[in-house]
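[1] sharing a model that was predicted from the sequence below.
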Amino acid sequence: MAKTTSALALAHALARRNPARRVLLIDLDSQRNATAIVLGTSDIPAERTVFSLFQGQPPRSELLFPTTLANLFFIPASLHLVEIEPQLSGALDGFFRLGDALQVLRREFSIILLDCPPSLSVVTINAMVAADYLLIPLQISKFSVDGIQTIRNAVDTVNRRYNATLKIAGGFLTLHDARTTLSQAMLPEIEKILPLFKTTIPRSVAVEEAHLLRQDIHDYAPHNKVAQAYAALAGELEVLIGDRV
Ligand SMILES: Nc1ncnc2c1ncn2[C@@H]1O[C@H](COP(=O)(O)OP(=O)(O)O)[C@@H](O)[C@H]1O
Ligand SMILES: [Mg+2]
């Protein structure tokens, strides 16, 4: 669904658009795709990853890995994130561990992006409890509408019980081909249940090529249509959340 691609590209675009703005990207997926792309390895000792935050430890400077951009930092994920699911489910503050850690990090960073795992796990719920906005990358298929409804229901529950601040910023179409009859037919259905950003992200082999070289799409091919689309999406997001330095 292009979650990781979008989190990486938006983090880079938001950092580039304002060098005074400090941006933090956090990998929350035990599959560690963002970690592999940003750091070149997914084997980071657990105590230097977001795992330590889920264990209730305070954020330390050695969690903040530098990137190719001076104002963009990165916290990697750990395979051990899988193990903490039962531990967090049994803890009274199990849904709040990430949010507690972000209270501290919010003082240091103007924008924090969370790259979520694919399922509605305890880690994902932590992200929804910690976040102000939810961005939903969408690929049009007959399953999209069901998936959006599931996410909406989860947001409603989180809003009622844990985090009244969380808002759906919107969905955006990725790997998009406007010409197909399926997208023509489905789009109005989706727009009825989810606000959509104007920008759509097209498909390009440059995305895969950039990731293989461990580069962001903006470094690898700045004039590529995908790089330009993510920059435009970052612009729309700035309008929505306010131009944060
Ligand atoms: N705009 C795009 N054009 C071409 N390939 C893309 C694009 N966006 C994502 N991909 C590819 O699709 C696959 C899934 O993307 P990824 O961002 O890892 O999704 P997720 O994090 O939701 O699992 C990856 O191989 C990625 O390179
Ligand atoms: Mg991913």
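    Structure's in. What do you need? Ligands and ions are numbered 1, 2, ... in the order given.
[2] how about the contacts made by the residue of the chain most remote from its centre?
    Centroid-distance maximum for the chain: residue 181 at 29.2 Å, with Cα atoms, centre = their mean. Residue 181 sits next to no residue when contact means Cβ atoms under 8 Å, 6 or more residues apart in numbering. Yep, even glycine has a C-beta here, placed from its N, CA and C like the rest.
[3] do residue 100 as well
    Counting by Cβ under 8 Å, 6+ apart, residue 100 has contacts 56, 93.
[4] how close does the closest residue to ligand 2 within the chain sit to residue 118?
    For the chain, the residue closest to ligand 2 is residue 4, as judged by Cβ to the ion, at 3.3 Å. Noted for residue 4: a distance of 10 Å to residue 118, by Cβ to Cβ, to the nearest Å.
[5] neighbour count for those two, which is higher?
    It is residue 4, of residue 4 and residue 118, that has more neighbours when counted by other Cβ atoms under 10 Å, with 23 against 11.
[6] so which bits of the protein are right by ligand 1?
    1-5, 33, 174-175, 201, 203-204, 207-208, 211, 226 (Cβ under 6 Å from any ligand atom).
[7] now the buried members of those residues.
    The neighbour-count criterion (16 or more other Cβ atoms under 10 Å) marks 2-5, 33, 174-175, 201, 204, 207, 211, 226 among the residues of the chain next to ligand 1 as buried.
[8] about what we covered before: give me the common contacts of residue 4 and residue 118.
    residue 29.
[9] and stretch 152-161, how far from the chain's centre?
    Average the C-alpha atoms of stretch 152-161, do the same for its chain, and the two points are 19 Å apart (Cα atoms, centre = their mean, to the nearest Å).
[10] would you mark the buried spots in it?
    Result for stretch 152-161 [16+ other Cβ under 10 Å]: buried residues 154-155, 158.
[11] what bridges to the most centrally placed residue in the chain?
    What sits nearest the mean C-alpha location of the chain, by Cα atoms, centre = their mean, is residue 115, with 3.3 Å. Note on residue 115: beta-bridge partners by DSSP bridges are residue 27.
[12] residue contacts, it?
    3-4, 7-8, 25-29, 34.
[13] next: residue 162.
    Applying Cβ under 8 Å, 6+ apart to residue 162 gives the contacts 95-96, 125, 128-129.
[14] one more pass at 6 Å, please.
    residue 129 (Cβ atoms under 6 Å, 6 or more residues apart in numbering).
[15] now do residue 8
    By Cβ under 6 Å, 6+ apart, residue 8 lies in contact with residue 216.
[16] the one 5 residues further on too?
    If you count contacts by Cβ under 6 Å, 6+ apart, residue 13 has them with 230-231, 234.
[17] so which of those residues is the closest to ligand 1?
    The closest of the contacts of residue 13 to ligand 1 turns out to be residue 230 (Cβ to the nearest ligand atom; 8.8 Å).
[18] quick one, phi/psi of that closest one?
    phi -70, psi -30 (degrees, to the nearest 10).
[19] quick one: the residue lying closest to it once chain neighbours are set aside and residue 37, what's the gap?
    Spatial nearest neighbour of residue 230, excluding adjacent residues (Cβ to Cβ, 6 or more residues apart in numbering): residue 9 at 3.9 Å. Using Cβ to Cβ, residue 9 is found at 11 Å from residue 37.
[20] who's more crowded, these two?
    In this view residue 9 and residue 37 are compared by other Cβ under 10 Å, and residue 9 has more residues nearby, 24 against 21.
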